[in-house]
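Undergrad: Fold the following and give me the result.
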Amino acid sequence: MSNVEVKPTELRCGGPEGDGRVPGIEVLSPRDVPLGGPRAMTVRRTLPQRARTLIGAWCFADHYGPDNVAETGGMDVAPHPHTGLQTVSWLFSGEIEHRDSLGSHAFVRPGELNLMTGGYGISHSEVSTERTTALHGVQLWVALPEEHRHTEPDFQHYVPTPVRTGGAGIRVFLGTLAGAVSPVRTFTPLLGAEIVLDPGATATLALDPAFEHGLLVDHGRIRMADTVLNPAELGCLPTGSDRLTLTNESDDTARTILLGGTPFEEEIIMWWNFIGRSHEDIVQARKDWMEGTRFGEVHGYAGDRLPAPELPTVALKPRRRLH
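TA: Numbering: from 1, shown residues only. Below is the predicted model:
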């Protein structure tokens, strides 16, 4: 699921660090973002926001569902473009059909990763299938560094093998954790993993101290180090930590998504489904999409492609990251 807001905000993210670091865990609460018309899905967005715009190169995090598709109509995102980023689709329930301008035709299912590299330019569609009764998952974006942001577009599908440590079941879809290694290519050091904790269980995980980390709680009540996180909250841990202890303080299983990466020092501009380095980059990408160049065609989708929203009149000033 991509950013189909009618009036997306233009954001400057990253760049120079602030003067200091926030000690311990920083807790971010999501904001609700309605996507489209009255029956469209509402997502809980934790990245980007004023307090923090990036965790490593992770620059966008939408958490949605479980949505009863009989009531919401499910997901039907017409062909739309991407530049300068990778999209990471991960489901907890439901099924989404993916088609892109490379000719890829794949399905997103629970426990399976779909990663699409936009690079210089790609377009795709996403539609929940007739087999879906409840749609529930996360949509994540990764910013590409300057040296790779014009790379050739690509699509990868990967099914991680579950591993267990203590009372936790882990699926590593990007990077390395708990002895599991994902072969999926990224352009900066990254970690992405689903962690499911048994009722009352505690698990201690070895971390790369060069990474900053974020833990998104899907359901359950999780103690992250000495901080309690509730559903839909994102707990952020700065660099320097070589281990993390998680405790499920609920009487049922708890599910989380752990993200990590080395700090992304470049300043980027995000608008709609584009990531660039200047306002002019965004203007050109929008022009190319509207004129039907650069992004190819998506075959097999029954409907018209999405038009780009109107551009903002001014660019926002850079926002500094807090850690």
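
Undergrad: mind showing which ranges of the stretch 101-250 of the chain have poor pLDDT?
TA: Under the criterion pLDDT under 70, no range of the stretch 101-250 of the chain is flagged.

Undergrad: residue boundaries of the helices in it?
TA: Counting by DSSP state H, counting those that start in this stretch, no segments of the stretch 101-250 of the chain form helices.

Undergrad: mind listing what D32 touches?
TA: T42, V43, R44, R45 (CB atoms under 8 Å, 6 or more residues apart in numbering). C-beta: built from backbone N, CA, C; applies to glycine.

Undergrad: for it, helix, strand, or coil?
TA: strand (DSSP: H, G, I helix; E, B strand; the rest coil).

Undergrad: Please renumber the chain so that the first residue is 712 from this point on.
TA: Yes, from this point I'll number from 712; that puts the last item at D743.

Undergrad: Now do it against T956, distance only.
TA: 31 Å (CB to CB, to the nearest Å).

Undergrad: Report whether T1024 is found in a strand, as I expect.
TA: No: applying three-state DSSP, one finds T1024 to be coil, outside a strand.

Undergrad: Count the neighbours of it for me.
TA: Using other CB atoms under 10 Å, T1024 is surrounded by 6 other residues.

Undergrad: phi, psi of it?
TA: Note on T1024: its backbone torsions stand at phi -80, psi -30 [degrees, to the nearest 10].

Undergrad: per-residue pLDDT, it?
TA: Predicted confidence (pLDDT) for T1024: 82.

Undergrad: what do you get for the one 10 residues further on?
TA: In the prediction, the pLDDT value recorded for H1034 is 43.

Undergrad: next one: L746
TA: So L746 comes in at 74 (pLDDT).

Undergrad: didn't it look like it was pressed against T753?
TA: Yes: L746 is within contact range of T753, at 7.1 Å (criterion: CB atoms under 8 Å).

Undergrad: Between the two, which has more neighbouring residues?
TA: A count of neighbours by other CB under 10 Å puts L746 above the other of L746 and T753, at 18 against 14.

Undergrad: gap between that one and M752?
TA: From L746 to M752 the distance is 5 Å (CB to CB).

Undergrad: packing partners for the helix ranked longest in the chain?
TA: Secondary structure of the chain per DSSP state H: the longest helix is helix 990-1002. Contacts defined by 3 or more CB pairs under 8 Å, 6 or more residues apart in numbering; DSSP states H and E place helix 990-1002 against strand 787-793, strand 978-982, strand 985-987.

Undergrad: Excluding chain neighbours, what is closest to P777?
TA: H847 (3.9 Å; CB to CB, 6 or more residues apart in numbering).

Undergrad: Run a quick neighbour tally on R988.
TA: 15.

Undergrad: again with E858
TA: Neighbourhood size, E858 [other CB under 10 Å]: 9.

Undergrad: residue contacts, it?
TA: E858 neighbours (CB under 8 Å, 6+ apart): none.

Undergrad: Distance from the chain centre to the longest helix of the chain, please.
TA: Centroid separation between helix 990-1002 and its chain, computed with CA atoms, centre = their mean, to the nearest Å, is 23 Å.

Undergrad: do stretch 1007-1023 as well
TA: So, by CA atoms, centre = their mean, the centroid of stretch 1007-1023 is 21 Å from its chain's centroid.

Undergrad: in that stretch, what's buried?
TA: G1007, V1009, Y1012, R1016, L1017, A1019, L1022 (16 or more other CB atoms under 10 Å).

Undergrad: residues contacting the third one?
TA: In this case it means Y1012. A789, P790, R810, S836, V838.

Undergrad: Out of these, which end up buried?
TA: Here, 16+ other CB under 10 Å leaves A789, P790, R810, S836, V838 buried among the contacts of Y1012.

Undergrad: ok, and for stretch 981-989, which residues are buried?
TA: M981, W982, W983, N984, F985, I986, G987.

Undergrad: got it, and stretch 954-970?
TA: By 16+ other CB under 10 Å, the buried positions in stretch 954-970 come out as L955, L957, T958, N959, S961, A965, R966, T967, I968, L969, L970.

Undergrad: Which ones among those residues map onto strands?
TA: Counted as lying in strands by DSSP state E, out of the buried residues of stretch 954-970, are L955, L957, T958, N959, A965, R966, T967, I968, L969, L970.

Undergrad: measure the last one to Q760 for me?
TA: It stands for L970. 15 Å.

Undergrad: And the first one, by the same measure?
TA: Remark: distance between L955 and Q760 (CB to CB) = 22 Å.

Undergrad: cool, and the second one?
TA: L957 sits 23 Å away from Q760, going by CB to CB.
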